[in-house]
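Q: no FASTA, just this:
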């Protein structure tokens, strides 16, 4: 990564705010999103810098929450060298040792979309991504850029899960994972296993962090991120060890 600071690399970029809209995570709240001008075509260095400032990628858009009077969304990342798998996580890695894993460019594949559509209809029929569509999938998870990858997890050739991930200069960014919602695969905990695999990927590539996006204390669906310890959180412009407790104010 460039020796310039994130602020220096992003100083001349243009950003916009969305109009307030319903929050996807907390009921009865409105959200506002800060996003990079879609006309910008940031290079790897800018994306790396924005990631250090808490930005995430969705398709070709880089964004982060910017809600007045609310700081519920907290950026979190795993320091790879300090991570120690729990007993449950070690069992999970052993249970999935029979999977075939392959990393591919983030291009559209009908097989991937079919699994995604089934996952959304089964697990997230009450969410923003329902109903799924080809266009929605393409704009969310495909991107023609070397850092954007899709990791396939297969059992005897059958596609069980796909993890969208970005390879940054300072870490791996876990974008999204979808998997076969069938009960016969429930014990594999494929969503958790995909994160464990990305931690190992970062270790192999000698990258220091795995970025997990936003943790929200009040959101039950976000609690799984606390299972990866130690966990660092972004406090302003500084990454600190251990996510704050309920009575710890964020500065």
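A: Yep, it's here. All values reported here derive from a predicted model rather than from experimental measurement.

Q: where does pLDDT dip in this protein?
A: Along the chain, segments meeting pLDDT under 70 span 1-11, 243-251.

Q: now the helices for the chain?
A: Remark: helices assigned in the chain by DSSP state H are 6-10, 44-52, 87-95, 110-123, 134-141, 190-204.

Q: turn those helices into a markdown table, including mean neighbour count and distance to residue 178.
A: Yep, even glycine has a C-beta here, placed from its N, CA and C like the rest. Shown next, in a markdown table, are the helices of the chain (neighbours: other C-beta atoms under 10 Å; distance: least, C-beta to C-beta, whole Å):
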| stretch | mean neighbour count | distance to residue 178 |
| --- | --- | --- |
| helix 6-10 | 16 | 30 |
| helix 44-52 | 20 | 22 |
| helix 87-95 | 13 | 18 |
| helix 110-123 | 16 | 4 |
| helix 134-141 | 16 | 9 |
| helix 190-204 | 20 | 9 |
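
Q: tell me which of those sits nearest to residue 239.
A: Residue 239 lies closest, by C-beta to C-beta, to one member of the helices of the chain: helix 44-52, at 8.0 Å.

Q: give me the helices and strands touching the closest one, please.
A: helix 6-10, strand 158-168 (3 or more C-beta pairs under 8 Å, 6 or more residues apart in numbering; DSSP states H and E).

Q: show me what the last one is packed up against.
A: Okay, so that is strand 158-168. On a contact count with 3+ C-beta pairs under 8 Å, 6+ apart, strand 158-168 meets helix 44-52, helix 110-123, strand 148-155, strand 171-179, helix 190-204.

Q: who does the fourth one pair up with?
A: It refers to strand 171-179. Here strand 171-179 is paired, per DSSP bridges, with strand 158-168 (antiparallel), strand 209-215 (parallel).

Q: got those as a markdown table, with distance to residue 186 columns?
A: Converted to a markdown table, those look like this (distance: least, C-beta to C-beta, whole Å):
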| stretch | distance to residue 186 |
| --- | --- |
| strand 158-168 | 12 |
| strand 209-215 | 22 |
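
Q: quick check: the residue most central in space within the chain vs residue 107, distance?
A: Centroid check for the chain by C-alpha atoms, centre = their mean gives residue 175 as the closest residue, at 3.0 Å. Here residue 175 is placed at a distance of 15 Å from residue 107 (C-beta to C-beta, to the nearest Å).

Q: just to revisit the earlier point, in TSV, list the helices of the chain along with distance to residue 20.
A: As requested, these are exported to TSV (distance: least, C-beta to C-beta, whole Å):
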stretch	distance to residue 20
helix 6-10	24
helix 44-52	23
helix 87-95	39
helix 110-123	25
helix 134-141	22
helix 190-204	30
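
Q: list the beta-bridge partners for the spatially closest residue to residue 109 that is not a sequence neighbour.
A: Excluding the flanking residues, the one nearest residue 109 by C-beta to C-beta, 6 or more residues apart in numbering is residue 150, at 8.0 Å. On the basis of DSSP bridges, residue 150 is bridged to residue 104, residue 164.
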